[in-house]
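Undergrad: next one to model:
(2 chains)
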Protein chains: 2
Amino acid sequence: MSARSEATAEPWVTVGEVDEAAVVAAIDRRFRVLVRERPWPSHAVGPGDDAALVPAGQAGVLVSTDAMGEGTDFLHRWPAGVRTRGHDVGFKAAAQNLSDINAMGGRATALVSAVSVPADTTVRWLADVAGGMTAAVRALGAERCRLAGGDLGTAQRAQIVVTALGDPAAAGVLRRAARPAPHGQDGAAPDELLLVHAGTNVGWAAAGLALLLTPRADLQRRHARLPADARPGAREIARAVRGQLRPHPPLWAGPAAAGRLVCALDVSDGLGRDATRLAEANGMTAWLDRRWVAARAEELARLGRLCDADPRSWVVSGGEDYGLLGAAASLQEVPEGFSVIGRLRRGGDSGPDGHERVRAEGWDHFG
Amino acid sequence: MSARSEATAEPWVTVGEVDEAAVVAAIDRRFRVLVRERPWPSHAVGPGDDAALVPAGQAGVLVSTDAMGEGTDFLHRWPAGVRTRGHDVGFKAAAQNLSDINAMGGRATALVSAVSVPADTTVRWLADVAGGMTAAVRALGAERCRLAGGDLGTAQRAQIVVTALGDPAAAGVLRRAARPAPHGQDGAAPDELLLVHAGTNVGWAAAGLALLLTPRADLQRRHARLPADARPGAREIARAVRGQLRPHPPLWAGPAAAGRLVCALDVSDGLGRDATRLAEANGMTAWLDRRWVAARAEELARLGRLCDADPRSWVVSGGEDYGLLGAAASLQEVPEGFSVIGRLRRGGDSGPDGHERVRAEGWDHFG
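TA: The predicted structure follows:
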C-alpha cells in the first residue's frame, strides 16, 4: 500500500488530494463482499475490464457504464466558440459504452440511460441527447442494439450516464489480462505484437479538445500568422473536433478479434496509459515503435502549430480515441484492419530496436 | 397530443415549463428507431415497465437504471439537522434499483454504478457510498447480486447512478400491463383486487422526508407544544427517517408473486400515481379502500401533527416507498404477505362501496 493510499484512511482527505488509484482502492475495499466473497461461475468476468460478463443464460451478458458531465466531460460552449449540441453528448455517451462492449469482443444488445439536467434546459436539447444516442447506434452499426429504458431527473449541471449490455462473441470474451501472471519466466517468453485498429484515430480527439479549449480569437490570430503551407485546413480542423465530440469506435473490430487477439482494451484514457495497463495486466512492459509515433504526430503537425502544442503528446497521452488496442502472439495472428505499433515484452530493462518504453501518461479523473 | 406536449416543439421551451409526460414524449419520438423499428423477440420487454427484459440466452436479462442527485434526491445536511452519509446514498441507490428488478418478479444478479462527486468530497464519503451499496445488497437479501463494475468522475454536485441486472423468474416476468387493452368489455369484466405487499411502509418515506425538511428548531418547538400523548416517540421518528434514507423493498415478494399476480409495479412515485399507472396500463380505474387509507394515516397521525401535515396525503401521494403494488384476479390468487387495499375496475363511473377513486398525485420529476 502506498503512502498516498494509506492517507485515504484519514476522514478529512478529499478525492482531489490523492491519485485516482488510491480512491479506487478505498472504494474496492468496501465493495469486497460484493466482488470476491460471492464467486461467480468461472466464465463470468468481474470489475476491472472494459465491461463485466454477468451470468445470464449460458453465455452471460456484457455490461458497462459511463458518465458524461457538463463542466468535466463537455462544455455547453467551448472557448473556441463551438456549442456542444445535445446530439453530440448523446452520441458520445452511447459511443463510449458501445466501445466498451466492442473491446470485450461483444455486440451491444441494449442501452439504458440516466439523464439529469437543470430545469432551464430546453426540451429540444434533451430530445437531441436521445437523437444523438440513436444516431450513434445507427452510424456505428450496432445493429442488434435497442433502447431498454431510462431515468430522467434534475441536476445543477447536465449529467448523462449510459449503460450498455451486450452479447459475448461465440469465441469468448476479449480480456485485458489474457493469462495468469508469469512465474519466473522473465525474458524467456517471446515478445507479443502491440496492435491498434486502423479505425482508431489516435491523437485526433485530443487535438480536437485542444482546439475547443483555445479561445476563438487566439485561434484566428495564430491561424493568420502561420505560413500558408503550415495552416491546417477546414477539413483537418473539423476532423479533430468531430473526433472529440463524436468518437467512432470500430464496432466491427472487437467481435472479429475475439479468439484471435491475446488481450485487448479500448483506448479511452490515452494510448500510453492504456498500453501500460494492458502490459501490466499481463506482467509485461509496453514499447511503441518510434516511426509509428512520428508518422501519427506528423499528421497532426499543422494542428499542433495552431494550438501551440506538441502533437506527439496528443498521440501518446491524449484520451478519448475509443479505438481498440490489443496484442497478438505473431504476425499470422494479426486480424484484418489492425496495425502493429509496438511490442509487449516480459521484463522491462531493454526494448526492441527503434522502440521507446510507453509512459503511463493520460487522463486521471481526479487529477 | 396535448397543448403542453405540442409546446415542446418550440426550441425555447424548457423542461421546467412543461409536465414530465411532455418531456418523455419528446424524448421517445427521438428514440423511436431504437425501440419500435428494431423489434425484439416476443418474450423481451422494452422501456415502460420497472425494468426491461433484454435478449440474453434463453430467458433474457432484466435491466433497470436510476439516478440519485445531491440537491434533488438528497441533501448533505437536511434542515432538521440530519446529515446524509455516503452510506445512506449508496444504500438507497442500490435499493431502488433492486426494487425495480423485484417488481418484475426477478432476482438481481449484478449492480454497476457511475458515481460523480466534487473534488472536495472526502474519500471516506465516497467509500461509504460503496459500503452502503454493499450493505443494501446484504440487508435486503439479494443473495445472487454482485458488483460488476463502475465509473468514477467529477461533478459540481454528487450524482450516483446505479444500474441493476437480474434473472427473470421461471414463471415469467411480472409486468405493468398484463393483457391487451380491452375491446368493448367495459363493465363486463369483474373487478380485480388491488394489493400491496405488507413489507411496504406506505407513507413512511414521505413522513421521513417531511421531517428531514422541517428546520430543527421548528421540530423542537412543535414537539414541546404537543400534548404528551400526541407526541411521536423516538422510534416513530427514526422509522420515518430510515424509511426515507434507507428504503427496504421486499425482495422476496417479487419472485414469489411472478406467475400469480395479474400485473405489478413498485411504489416509487406515490401510491396514488403508481396505482393509477397500473390501472391505466390495463384500461381500468383504481379504487382505494377508505378504511385501509384511514388506518395507514392513523399510524402516521402523531408524525403528521409534528410536521403540520396531513398524514393521508403521505399515504396516498408520498413517494419512495419501494414496495410492491399489484393486482390479483381473486382472493385465492393473493400471494402470501400481500394485503388487499382496493380494486381495479373496468369503467370509472362508480366504485365499490367504501372505496374512493385514486388520484394520480405524486412525484413529477420536473414539477
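Undergrad: quick check: chain neighbours aside, which residue is closest to A:Pro232?
TA: In space, and not counting its chain neighbours, A:Pro232 is closest to A:Arg302: 4.0 Å by C-beta to C-beta, 6 or more residues apart in numbering or on different chains. Any C-beta I mention is one placed from the backbone N, CA and C, and that applies to glycine too.
Undergrad: the one you found: how many residues sit nearby?
TA: By the criterion of other C-beta atoms under 10 Å in any protein chain shown, A:Arg302 has 19 neighbours.
Undergrad: can you pull the phi/psi pair for it?
TA: Note on A:Arg302: its backbone torsions stand at phi -70, psi -40 [degrees, to the nearest 10].
Undergrad: over to A:Ala93?
TA: Note on A:Ala93: backbone dihedrals following degrees, to the nearest 10 are phi -60, psi -40.
Undergrad: now do the contacts for the residue nearest to A:Pro232.
TA: A:226, A:230-232, A:236 (C-beta atoms under 8 Å, 6 or more residues apart in numbering or on different chains).
Undergrad: out of these, which are buried?
TA: Buried positions within these, assessed by neighbour count (16 or more other C-beta atoms under 10 Å in any protein chain shown), are A:231-232, A:236.
Undergrad: next, format those residues as CSV and append pLDDT, distance to B:Gly150 and secondary structure.
TA: Formatted as CSV, the buried ones among the contacts of A:Arg302 follow (pLDDT from 0 to 100; distance: C-beta to C-beta, whole Å; DSSP: H, G, I helix; E, B strand; the rest coil):
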residue, pLDDT, distance to B:Gly150, secondary structure
A:Arg231, 95, 44, coil
A:Pro232, 96, 38, coil
A:Glu236, 95, 37, helix
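Undergrad: surely A:Val241 and A:Leu212 touch.
TA: Yes. At 6.4 Å, A:Val241 and A:Leu212 qualify as touching, with contact defined as C-beta atoms under 8 Å.
Undergrad: between these two, which contacts overlap?
TA: With C-beta under 8 Å, 6+ apart, A:Val241 and A:Leu212 have common neighbours A:Val82.
Undergrad: residues near A:Ala52, how many?
TA: Taking other C-beta under 10 Å as the criterion, the count of residues near A:Ala52 is 28.
Undergrad: look at A:Gly166 and give its secondary structure.
TA: strand (DSSP: H, G, I helix; E, B strand; the rest coil).
Undergrad: any idea how far A:Ala171 is from the nearest residue to A:Thr72 once chain neighbours are set aside?
TA: Using C-beta to C-beta, 6+ apart and skipping the chain neighbours, the partner closest in space to A:Thr72 is B:Thr154 (4.9 Å). For B:Thr154, the distance to A:Ala171 equals 38 Å [C-beta to C-beta, to the nearest Å].
Undergrad: neighbour count: those two, which is higher?
TA: Under the criterion of other C-beta under 10 Å, the comparison of B:Thr154 against A:Ala171 puts B:Thr154 first, with 19 against 13.
Undergrad: per-residue pLDDT, that one?
TA: Predicted confidence (pLDDT) at B:Thr154: the value is 90.
Undergrad: A:His183 too?
TA: For A:His183, the model assigns a pLDDT of 46.
Undergrad: what segments of chain A are strands?
TA: Using DSSP state E, the strands of chain A run over residues A:52-54, A:61-69, A:107-117, A:146-154, A:159-167, A:192-197, A:263-266, A:285-289, A:324-328, A:338-345, A:355-357.
Undergrad: the fourth one packs against which elements?
TA: Packed against strand A:146-154, as judged by 3 or more C-beta pairs under 8 Å, 6 or more residues apart in numbering or on different chains; DSSP states H and E, are the following elements: strand A:107-117, helix B:20-35, strand B:52-54, strand B:61-69.
Undergrad: weakest of the ones you listed by average pLDDT?
TA: With a mean of 89, helix B:20-35 has the lowest mean pLDDT of the helices and strands packed on strand A:146-154.
Undergrad: next up, the contacts around A:Glu236.
TA: A:302-303.
Undergrad: give me the below-cutoff pLDDT ranges for chain A.
TA: Applying pLDDT under 70 to chain A picks out residues A:1-9, A:179-188, A:361-367.
Undergrad: alright, that wraps it up for me.
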